[in-house]
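> pasting the sequence and the predicted coordinates here, then a few questions.
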Amino acid sequence: MCYDSKDLQSFDIQARTDMSSMQATRLRKGNLVKLGSDLFRIMEVQHLTPGNKRGFIQARMRNIRSGTLSDQKFRAEEDVERATLDEREMQYLYTDGDHYYFMDTSTYEQIHISTEAMGDSKDYLVPDATIRVEFYDVEPVGIELPQTVDLVVKETVPGIKGATASAQVKPATLETGLIVQVPPFINEGDRIRVNTETGEYQSRALRDTGPACRRSTSDQVLVSWYPLPTFHFLLPTSFLQFCNPTILQFRYHPMDVARTVPYGWIEVIAGSMFSGKSEELIRRLRRAQIARQRVQIFKPQIDRRFSEDHIVSHSDMRLASETVRDSAELIVLVAPDTEVVGIDEGQFFDLQLPAACNELASKGKRVVVAGLDQDYLGRPFEPMPQLLAIAEYITKTLAICVVCGGPANHTQRLVASADRVLVGASGLYEARCRHCFDPDLASEPRTT
């Protein structure tokens, strides 16, 4: 669920609202100051000494709440109130154009910061990046960037043969839309290091050459089970303490990068309820949208728990989707120029879904399906087993067992019902591990 600043009153934030004074001559770009009852972010600072007059400080500032820019003149000896901020480590999720959304990596709660409050910081953000978010009292007011970030060059003109770094530069558009001047030997697809204070090219970035793990929106890490490089697990980070590191190899998703092949494929994200399947599906589809790929998203008509026209995760991440009756209607609705097809709640589709996904992949489309792999009795939940058999890439998500805290692979039904499909969420189901899972619980009348 996303909260604005008023809702954050319920969060356990030990906010400091102290103000400390500083001389105007010490103002720097990025400082947050208070003038009257308003907070301002310093965007530019100039120290001016006109002729024989006394020097002063000229500052361009942005009002954190309204987003308006203004110029303010300070005397050199004048004291300015500087806001003392709290910081929390959060993960950047996505932007809808007006706001940037972040998730607390310890509580999973989400907040948003307006585009105006973000300022130029937005030019250095990529999805899934871990960032320190600044709070004044309980209000998110901005982010703290590292001194440098590594970004991929998306567009630039080819370099001139024989040109040197000192002879000339050329413009390059990075993956966030930021345009920087780079040496002529930089090409599209290169990763470069950019100074966040000046916005200038600093150097080529080292490519990833060793093992790496990536935190997902469910506080999980992606693990490849050696020696099967296309079979992946999303495990809770707390579970890694029980793993033998010699048999675990951390990798990036091969499908989590730009398309480099002309053919299609199938990706399946499978696991129990509350394991982050829909979150992982939304994350992949958002990245495809950011890459300007044509994406269509579908969900079965039976699933209207949270929304009729969005796929929605249990943490309230959502993405607009189309509702279909069956696989045949899905095939008809997929446009010829669609590049990526997302399908949520695959277990609620008919048995023709695997054939439909095969057909779409054969037409060159990337197909991403998320769904339960087991029903409330722990049996394979068709058509997911058939999809797992034909998929090129499989991601297994694990939840946290509400009984013992271990990795949960089962969905425990909490009400007595013999219906295999009983649409619901918390209150009807909970995640449990192999040891704590009790399939007979669903057949026993509950007493209060």
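Right, received. Where do you want to start?
> helix or strand right after the helix or strand of the chain at the bottom of the mean pLDDT ranking?
Here the helix or strand of the chain ranked lowest by mean pLDDT, DSSP states H and E is strand 248-249, holding a mean of 38. Using DSSP states H and E, the next helix or strand after strand 248-249 towards the C-terminus is strand 265-271.
> for the next helix or strand after that next one, buried residues please.
Sequence-wise, the next helix or strand downstream of strand 265-271 (DSSP H and E) is helix 277-290. Neighbour counts over helix 277-290 (16 or more other C-beta atoms under 10 Å) mark 277-288 as buried. For every residue, glycine as well, the C-beta is placed using N, CA and C.
> over to stretch 26-38?
Applying 16+ other C-beta under 10 Å to stretch 26-38 flags 27, 30-33 as buried.
> that stretch - what's its average pLDDT?
The pLDDT scores in stretch 26-38 average 79.
> try stretch 71-81
Here the average pLDDT along stretch 71-81 is 82.
> show me the contacts for the residue lying closest to Leu178 once chain neighbours are set aside.
Closest residue to Leu178 apart from its sequence neighbours, by C-beta to C-beta, 6 or more residues apart in numbering: Asp123 at 4.0 Å. By C-beta atoms under 8 Å, 6 or more residues apart in numbering, the contact list for Asp123 reads 176-178, 199.
> can you say which two of these are spatially most distant?
Gly177 and Gly199 (12.3 Å; C-beta to C-beta).
> now tabulate the buried residues of helix 277-290 in JSON lines and tack on pLDDT.
Converted to JSON lines, those look like this (pLDDT from 0 to 100):
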{"residue": "Lys277", "pLDDT": "90"}
{"residue": "Ser278", "pLDDT": "87"}
{"residue": "Glu279", "pLDDT": "88"}
{"residue": "Glu280", "pLDDT": "90"}
{"residue": "Leu281", "pLDDT": "92"}
{"residue": "Ile282", "pLDDT": "90"}
{"residue": "Arg283", "pLDDT": "88"}
{"residue": "Arg284", "pLDDT": "90"}
{"residue": "Leu285", "pLDDT": "91"}
{"residue": "Arg286", "pLDDT": "87"}
{"residue": "Arg287", "pLDDT": "86"}
{"residue": "Ala288", "pLDDT": "87"}
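> poorly predicted segments of the stretch 251-400 of the chain, please.
251-262, 305-306, 314-316 (pLDDT under 70).
> all helices of it, in order?
277-290, 327-333, 353-362, 384-390 (DSSP state H, counting those that start in this stretch).
> just the buried residues of the second one, please?
Same thing as helix 327-333. 327, 330-331.
> what does it contact?
For helix 327-333, using C-beta under 8 Å, 6+ apart, the contacting residues are 296, 298, 322, 324, 343, 349-350, 352-353, 355-356, 359-360.
> give me that answer again for 6 Å
Surrounding helix 327-333, the residues in contact under the criterion C-beta atoms under 6 Å, 6 or more residues apart in numbering are 298, 324, 349-350, 352-353, 356.
> give me the buried subset of those.
Of the contacts of helix 327-333, these count as buried by 16+ other C-beta under 10 Å: 298, 324, 349, 352-353, 356.
> just these now: which is nearest Leu441?
Distances from Leu441 to the buried ones among the contacts of helix 327-333, taken by C-beta to C-beta, are shortest for Phe349, at 26.8 Å.
> and the residue nearest the centre of the chain, how close does it get to Glu279?
Using C-alpha atoms, centre = their mean, the residue of the chain that lies closest to the mean C-alpha position is Leu93, 2.9 Å off. Look at Leu93 and Glu279: by C-beta to C-beta, to the nearest Å, they are 9 Å apart.
> cool, Glu44 as well?
Applying C-beta to C-beta to Glu44 and Glu279 gives a distance of 39 Å.
> go on, Ala270?
For Ala270 relative to Glu279 (C-beta to C-beta), the value is 14 Å.
> bridge partners for Asp150, pull those for me.
Beta-bridge pairing for Asp150 (DSSP bridges): Arg193.
> okay, now it: neighbour count?
19 (other C-beta atoms under 10 Å).
> can you check Thr395 too?
Neighbour tally, Thr395, other C-beta under 10 Å: 26.
> is it in a bridge, and if so with what?
The residues that Thr395 bridges to, once DSSP bridges is applied, are His232, Ile269.
> quick one: it and Glu267 touch, right?
No: Thr395 is not in contact with Glu267 according to C-beta atoms under 6 Å; the separation is 7.2 Å.
> Val169: how many residues sit nearby?
Val169: 15 neighbours (other C-beta under 10 Å).
> what number of residues lie near the closest residue to it other than its chain neighbours?
Nearest non-adjacent residue to Val169, counting by C-beta to C-beta, 6+ apart: Gln181, 4.2 Å away. Using other C-beta under 10 Å, the number of residues around Gln181 comes to 13.
> which strand or helix spans Gln181?
Here Gln181 is assigned to strand 179-182, by DSSP H and E.
> residues of that strand that come out buried?
For strand 179-182, by 16+ other C-beta under 10 Å, it's 180, 182.
> coming back round to it: nearest to Gln72, of the contacts of Asp123?
Nearest to Gln72 among those, with distances taken as C-beta to C-beta, is Gly199, at 23.0 Å.
> separation between the residue nearest to His410 when sequence neighbours are not counted and Ser272?
Closest residue to His410 apart from its sequence neighbours, by C-beta to C-beta, 6+ apart: Phe437 at 4.0 Å. As judged by C-beta to C-beta, Phe437 and Ser272 stand 9 Å apart.
> of these two, who's got more company?
Ser272 (28 against 21).
> and the contacts of stretch 402-409?
Residues contacting stretch 402-409 (C-beta under 6 Å, 6+ apart): 239, 272, 398-401, 430-433, 436.
> what is the burial count for the closest residue to Pro439 other than its chain neighbours?
Using C-beta to C-beta, 6+ apart and skipping residues adjacent in sequence, the residue nearest Pro439 is Leu377, 4.6 Å away. If you count neighbours by other C-beta under 10 Å, Leu377 ends up with 16.
> is Leu377 in contact with Asp440, as I believe?
No: applying C-beta under 6 Å as the test, Leu377 and Asp440 come out as separate, 9.1 Å apart.
> return every residue with contacts to both of Phe437 and Ser272.
His410.
> low pLDDT regions in the stretch 1-150 of the chain?
For the stretch 1-150 of the chain, the ranges with pLDDT under 70 are 1-20, 52.
> just to revisit the earlier point, how near is the residue nearest to Val169 to Lys170?
Taken as C-beta to C-beta, the span from Gln181 to Lys170 is 7 Å.
> give me the common contacts of the two.
Common neighbours of Gln181 and Lys170 (C-beta under 6 Å, 6+ apart) do not exist.
> returning to what we had before: with neighbour numbers in mind, choose between Gly177 and Gly199.
Using other C-beta under 10 Å as the criterion, Gly177 and Gly199 rank with Gly199 on top: 14 against 10.
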